[in-house]
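*Asks:* Turn this into a model:
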Amino acid sequence: MAVLEPVRVLNAVDNVLDGPAVNGAVNAICYLPIPIDDSGVIATFHWGALTRSDVFFPPTAAWVVNVKTAFPVEQVLSDGTYSVWFEVDDIVAENHSASVPFDLDVQNSSLTAPTLAKPLLPDDLYHGNVINFERSLLTITITIPAYPGMAAGDHYDLSLRIFETNGTFIKLVSTGSEDVTAVGPIEVEIPPDANIFTGYNGVYGYFYYTITKAGSLDQISFTTQVYIDTVAPGD
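*Replies:* Numbers count the residues shown, from 1 in each chain. Got it, this is the predicted structure:
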């Protein structure tokens, strides 16, 4: 396996992103190998536990990942240590190569790190993270698991962030915002006419929720990632 150049994270100094750097643009540069026979490569970028993949063809020499739009920022730019690296598969030759991972420290960030369990989608809505087109046209019930310290009067906001596969932000969709009325799992029903999945031709979506107590943001959840391709065949 070939060893690629390490990812270069702009704004990082000695593999540290501090508060001012986090507030600016955070871009990561992955230097791509030259594929055989102009066939192209599939590149996968890793930042902590999250990944993003895309396909590139010559003469593309580098992949610039906008970290703030490629991932939920709370999961990648709150205080902590993240392993950063990328890997590449040649589409035709089936060669695999990867960079050496390194630890990146984020310090003095103003972002709240996620602590709550991710929202749960119906099993029949997606398979392998891919949204089922026909099922997406029906009522969808998303479950927010019960969380520590849950109490009536808390307020939840369930949202969906949508991005192009290259990490470009498309929109933020509010899918539910209510006060908690009882302690236990919360079922958020999304009617068909909400059309939250309609008309997207190959994009990423991230479901997450926040919990507010006494008028201020208290906790945020990890995300449930989906791939949305709900443009009907022939459209």
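*Asks:* partners of the helix or strand hosting residue 170, with directions?
*Replies:* Assigned by DSSP states H and E, residue 170 belongs to strand 169-179. Partner strands and pairing direction for strand 169-179 (DSSP bridges) are strand 155-164 (antiparallel).
*Asks:* got the CA positions of the strand it pairs with in PDB?
*Replies:* Extracted C-alpha coordinates of strand 155-164, given in PDB (Å, rounded to 0.1, in the frame of the first residue of the first chain):
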ATOM      1  CA  HIS A 155     -37.400  22.200  24.600                       C
ATOM      2  CA  TYR A 156     -36.200  20.100  21.700                       C
ATOM      3  CA  ASP A 157     -35.300  21.200  18.200                       C
ATOM      4  CA  LEU A 158     -34.800  18.400  15.600                       C
ATOM      5  CA  SER A 159     -33.000  19.500  12.400                       C
ATOM      6  CA  LEU A 160     -31.600  18.200   9.200                       C
ATOM      7  CA  ARG A 161     -28.500  19.700   7.600                       C
ATOM      8  CA  ILE A 162     -28.200  19.000   3.900                       C
ATOM      9  CA  PHE A 163     -24.900  19.100   1.900                       C
ATOM     10  CA  GLU A 164     -23.600  18.400  -1.600                       C
END
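*Asks:* could you give me the average pLDDT of it?
*Replies:* Across strand 155-164, pLDDT averages out at 91.
*Asks:* Following the helix or strand bottoming out on mean pLDDT in the chain in sequence, what is the next regular element?
*Replies:* Lowest on mean pLDDT, DSSP states H and E among the helices and strands of the chain sits strand 216-220, with a mean of 79. On the C-terminal side of strand 216-220, the closest following helix or strand by DSSP H and E is strand 224-229.
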